[in-house]
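[1] Predicted structure and sequence below. I'll ask about it afterward.
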Amino acid sequence: MAGAAGTAGTAGAAGTAGDADRRVLRRDVALVCLADGIVGVSFGATAVAGHLHWWVPIVMSLLVFAGGSQIAAVGVVLAGGGAFAAVAAGAVLNTRLFPYGLAVADVTSASPGASGSSGVPGKRWWLRLFGAQVVTDESVAFALRHTDPARRRAAFWTCGVSLFIVWNAAVLLGVLAGSAVRNTAAFGLDATFPAVLLALALPTLSDRRTRTAALSGATVAVALTPVLPAGLPVLAALGGLATIWRPRRRPARASDAETSRSPGRRPAPAELSAGGDR
């Protein structure tokens, strides 16, 4: 009886801890969704107010679902850039999602309630496809907070699905608002794109080499803005990455030190004692 009571007490404590974890997860995800929803409304409103067709931001949100890339691409178009520059700007920002996908590859093929992923190629392909679609900075960050596979899946899918729904609904709401209010500058929405991109960049500037690359790239972009079409100076700013490249140095070897000695020089007594009698 005592053992059964102890087992029941342990199970009850585990259940209480699990409920607390779920409440914390829902709260944190709700806050992230609120922040992203505000950005989504601004994105949709600014896009249509900039004379883009109403369906462009909506389709982008459904198919691309990457706020930073969408903002960069639309920002290039609204600045007068071409389609190639807009797509390239969005693609450059989206390259960060490749290592993200590798980091959560174990959870994108299993639902939150699953006991484990199938591990069979081709099985649940639709789930893997949608899992890749909802790989974002936020969903990956939530998943990597946990080491337990079940919690990782729950965190990833809760955040990913919630963000997908909220973002697309917010963009639609922004499109409707932007269609009714043409002068988005009166509400300060014209500053949304640069403000969001700045917010994405600031956390990465803690490292000195990164700051050097960013400053070099910004200098290149500003210098080329008067002579290149809109959108291309931003891509040219990638040249700033060259400032952090360092050639690989060949490690020094003992044989190199021996061959560097002058042939005509007699070895010092310390060298003879270190090398032994010959």
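    Happy to help now that I have it.
[2] make it CA atoms for all contacts and neighbour counts henceforth
    Fine.
[3] any residues touching stretch 141-148, and which ones?
    104, 151-156, 159 (CA atoms under 8 Å, 6 or more residues apart in numbering).
[4] Could you save those residues as a markdown table and add columns showing distance to residue 176, pLDDT and neighbour count?
    Formatted as a markdown table, those follow (distance: CA to CA, whole Å; pLDDT from 0 to 100; neighbours: other CA atoms under 10 Å):
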| residue | distance to residue 176 | pLDDT | neighbour count |
| --- | --- | --- | --- |
| 104 | 35 | 87 | 21 |
| 151 | 37 | 90 | 22 |
| 152 | 36 | 90 | 23 |
| 153 | 35 | 91 | 28 |
| 154 | 33 | 91 | 22 |
| 155 | 32 | 92 | 26 |
| 156 | 30 | 93 | 28 |
| 159 | 26 | 93 | 27 |
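[5] between those residues, which is nearest residue 59?
    residue 159 (21.1 Å; CA to CA).
[6] Whatever helix or strand that closest one lives in packs against which elements?
    Element membership for residue 159, per DSSP states H and E: helix 149-180. Identification of packing neighbours for helix 149-180 by 3 or more CA pairs under 8 Å, 6 or more residues apart in numbering; DSSP states H and E yields helix 2-49, helix 55-63, helix 137-144.
[7] Next, the buried residues of it.
    Counting neighbours by 16 or more other CA atoms under 10 Å, one finds that the buried residues in helix 149-180 are 149-164, 166-179.
[8] What mean pLDDT does stretch 165-182 get?
    Taken as a whole, stretch 165-182 carries a mean pLDDT of 88.
[9] Provide the contact partners of that stretch at residue level.
    Contacts of stretch 165-182 (CA under 8 Å, 6+ apart): 33, 36-38, 40-49, 54, 57-58, 61-62, 184.
[10] Poorly predicted segments of the stretch 1-150 of the chain, please.
    By pLDDT under 70, the low-scoring segments of the stretch 1-150 of the chain are 1-15, 17, 109-123.
[11] again, only using 50
    By pLDDT under 50, the weakly predicted segments of the stretch 1-150 of the chain are 115-122.
[12] Pull out the buried residues from the contacts of stretch 165-182.
    In these, the ones that pass as buried (16+ other CA under 10 Å) are 33, 36-37, 40-49, 54, 57-58, 61, 184.
[13] Next, residue 106: secondary structure please.
    Three-state call for residue 106 (DSSP: H, G, I helix; E, B strand; the rest coil): coil.
[14] now for the strand or helix carrying residue 93, which elements pack on it?
    In the assignment (DSSP H and E), residue 93 maps to helix 83-94. Packed against helix 83-94, as judged by 3+ CA pairs under 8 Å, 6+ apart, are the following elements: helix 67-78, helix 232-236.
[15] Summarise which helices and strands the helix or strand just after it is packed against.
    Using DSSP H and E, the helix or strand that directly follows helix 83-94 along the chain is helix 97-103. Judged by 3+ CA pairs under 8 Å, 6+ apart, helix 97-103 is in contact with helix 137-144.
[16] quick one: the helix it packs on to helix 149-180, angle?
    With axes from the mean of the first three to the mean of the last three CA atoms, to 10 degrees defining the directions, helix 137-144 sits at 170 degrees from helix 149-180.
[17] just use 745 as the starting number from now, easier for me
    Understood, numbering begins at 745; the last thing we discussed is helix 881-888.
[18] Redo the contacts of stretch 885-892 as JSON lines? Include distance to residue 971.
    As requested, these are exported to JSON lines (distance: CA to CA, whole Å):
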{"residue": "848", "distance to residue 971": "43"}
{"residue": "895", "distance to residue 971": "52"}
{"residue": "896", "distance to residue 971": "49"}
{"residue": "897", "distance to residue 971": "49"}
{"residue": "898", "distance to residue 971": "50"}
{"residue": "899", "distance to residue 971": "47"}
{"residue": "900", "distance to residue 971": "45"}
{"residue": "903", "distance to residue 971": "43"}
